[in-house]
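A.B. asks: Sequence and computational prediction follow.
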Amino acid sequence: MAARIDHLVTSGTFSLDGGTWDVDNNVWIVGDDDEAIVIDAAHDADAIVEALGGRTLRAIICTHGHNDHIDAAPALASRTGARIHLHPADLPLWKMTHPGTPPDAELADGQVLTIAGTDLTVLHTPGHAPGAVCLHAPDLRTVFTGDTLFQGGPGATGRSFSDFPTIVASIRDRLLTLPPETEVRTGHGDPTTIGTEAPHLEEWIKRGH
């Protein structure tokens, strides 16, 4: 059976630089009836376990180290035995939320993760966070962008560890080169497509000057 994408929305808070905000996060589950991976274990390990429905969880992939994307990761790992994967550049952010509990494995640009016969390629896309990554699944015509690219533009870069010119370069060089029909499944909010967002690149560049 081919891999499919299941979607769960969980609610909690995002905290950084002394502020805290209520947020709803997209949790993406990719797999078949037997096995799956979770992209961003946000807020609610119980809800994620329920959504897995008894499938074997092979990995927990963190698109970046902000607390709202990783806060449930250790609990989910403990309950399922799955390993937590994070790009090493985001370890400082991870340690703010989970000091003394390091992730299990490092993500690297170009790395290929395979689940249910479907390949997901890791694209290092810094800017929102130093170790932000996206996951491109060509067979599913999908890229999971975390907080790098949203419907309407780049992720936020107004806080520590972020940089607007860097995120625009990441989107230009790593995401807008994907086929225009590629669906963009984001860390928050509604999906979009590469073709929908690509025409706005010049606007984003001008906004950063």
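C.D. replies: All right, it came through fine.
A.B. asks: So which elements touch the worst-scoring helix or strand of the chain on mean pLDDT?
C.D. replies: Least confident helix or strand of the chain, by mean pLDDT, DSSP states H and E, is helix 201-207 with a mean of 81. Packing partners of helix 201-207 (3 or more CB pairs under 8 Å, 6 or more residues apart in numbering; DSSP states H and E): helix 164-170. Every residue, glycine included, has its C-beta placed from N, CA and C.
A.B. asks: Would you mark the buried spots in the helix it packs on?
C.D. replies: Neighbour counts over helix 164-170 (16 or more other CB atoms under 10 Å) mark 164, 166-170 as buried.
A.B. asks: State the next helix or strand along the chain beyond that helix.
C.D. replies: On the C-terminal side of helix 164-170, the nearest following helix or strand under DSSP states H and E is strand 183-186.
A.B. asks: That following strand pairs with which strands, and in what direction?
C.D. replies: Sheet pairing of strand 183-186 (DSSP bridges) gives strand 142-146 (parallel), strand 192-193 (antiparallel).
A.B. asks: could I have that strand exported to PDB, CA atoms only?
C.D. replies: The C-alpha trace of strand 183-186 is given here as PDB (Å, rounded to 0.1, in the frame of the first residue of the first chain):
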ATOM      1  CA  GLU A 183       1.700  21.000  -2.400                       C
ATOM      2  CA  VAL A 184       3.200  23.000   0.500                       C
ATOM      3  CA  ARG A 185       2.100  21.500   3.900                       C
ATOM      4  CA  THR A 186       3.000  24.000   6.500                       C
END
